[in-house]
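Colleague: kindly return the folded structure for what I paste below:
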Amino acid sequence: MLIYLPIAEISVNMFVIFGMGAAVGFLSGLFGVGGGFLLTPLLIFSGIPPVVSVATVASQIVASSASAALSYWRRRMIDMKLATILMLSGIVGTLIGVVVFNMLRSLGQLDLIVSIAYVTLLGAIGVLMLNEAVRAILNARAGRPATLRRPGQHSWIHGLPLKMRFKRSKLYVSAIPVVGLGIAIGFLGALLGIGGGFILVPALIYLLRVPTNLVIGTSLVQIVATMSVATVLHSTTNQSVDIVLAIILMVGGVIGAQFGARVGQNIRGDQLRALLALLVLGVAIRFLASLVATPAERFSLTLLSGGAL
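Modeller: Numbering: from 1, shown residues only. The predicted model follows:
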């Protein structure tokens with residue numbers, strides 16, 4: 001069933017778009033990620049312009065993440081104090097990200113920068129996550145389960161000033177890395193159309209030593225806040241949010257997120273991290289292929305924002 005997207009100005013199969021939203025929503029609930037790192041590329045590969053894909057995906061991330069976050073909140077698996085600091089700093093990062101997004105769009109370099117950023121960011125993080133997850137799985141099979149948080153174990157992060165106590169997570173750490181993480185995730189979310197959970201989740205686990213059972217829910221709360229702001233800003237400054245596309249993705253995302261949240265509670269943490277790492281690497285490889293492959297058409301005409309061909 002074809003449906004016309006007024007902002008993207010193309011016709012797409014509604015059931016294919018719905019399936020994309022449901023699949024990414026499932027991953028959102030399963031891994032505690034916004035899913036934009038997968039959905040934005042899928043839309044771009046489907047022919048939807050990057051500027052519309054990035055802006056519209058932000059709204060889908062809000063819907064699917066909010067649905068999954070509600071499930072974790074009911075089970076009291078969220079550190080609200082930590083999530084609040086991440087939210088406030090994330091909003092600042094989102095504002096900066098939208099400004100940079102508009103600047104790159106006006107220069108005509110948005111598509112290239114988005115592709116290069118995806119390859120670099122996802123490739124590096126995917127390799128690191130996969131390496132750690134494989135080591136954890138091998139240690140578990142050999143009877144040497146590696147604990148993520150050992151008594152008395154501290155990194156340089158824990159030596160920073162301006163410390164705060166997070167009772168729910170049983171942490172006493174500096175607010176500096178927490179704020180820095182929030183700003184970085186908000187910036188990347190607005191610029192690349194990603195929730196940033198695939199960065200935030202491992203950062204909370206490995207850098208701040210947040211208990212794994214609280215990480216996913218806390219990450220989802222931060223994602224909801226930053227992506228809500230990004231959606232509003234993209235709508236008002238760029239007019240690039242396609243409401244028809246957003247609604248289809250939202251409905252699919254909300255349904256998929258509920259199933260993902262249920263399944264995620266029954267899978268071991270090291271297995272979850274390995275699956276997420278493989279997904280991240282797969283998207284990075286696909287973007288790399290699109291950068292180096294020879295285009296089917298060497299020349300094209302497109303309407304620029306200035307109104308000239």
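
Colleague: sort out which residues of the helix ranked longest in the chain are buried, please.
Modeller: Looking across the chain with DSSP state H, the single longest helix is helix 110-141. For helix 110-141, burial by neighbour count (16 or more other C-beta atoms under 10 Å) applies to 110, 113-115, 118-119, 121-123, 125-126, 129-130, 132-133, 136-137. (Glycine included, C-beta is placed from N, CA and C.)

Colleague: elements contacting it?
Modeller: helix 36-45, helix 50-74, helix 80-107, helix 175-192, helix 197-206, helix 269-292 (3 or more C-beta pairs under 8 Å, 6 or more residues apart in numbering; DSSP states H and E).

Colleague: out of those helices, flag the one nearest Val229.
Modeller: Closest to Val229 of those is helix 80-107 (C-beta to C-beta; 4.7 Å).

Colleague: and that closest one, average pLDDT?
Modeller: Mean pLDDT, helix 80-107: 86.

Colleague: for it, packing partners?
Modeller: When contacts are defined as 3+ C-beta pairs under 8 Å, 6+ apart, helix 80-107 sits against helix 110-141, strand 163-166, helix 175-192, helix 212-237.

Colleague: related to what we said a few turns ago, okay if I get the helices and strands packed on helix 110-141 as JSON lines plus mean neighbour count?
Modeller: Output for the helices and strands packed on helix 110-141, formatted as JSON lines (neighbours: other C-beta atoms under 10 Å):
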{"stretch": "helix 36-45", "mean neighbour count": "25"}
{"stretch": "helix 50-74", "mean neighbour count": "26"}
{"stretch": "helix 80-107", "mean neighbour count": "19"}
{"stretch": "helix 175-192", "mean neighbour count": "23"}
{"stretch": "helix 197-206", "mean neighbour count": "24"}
{"stretch": "helix 269-292", "mean neighbour count": "18"}
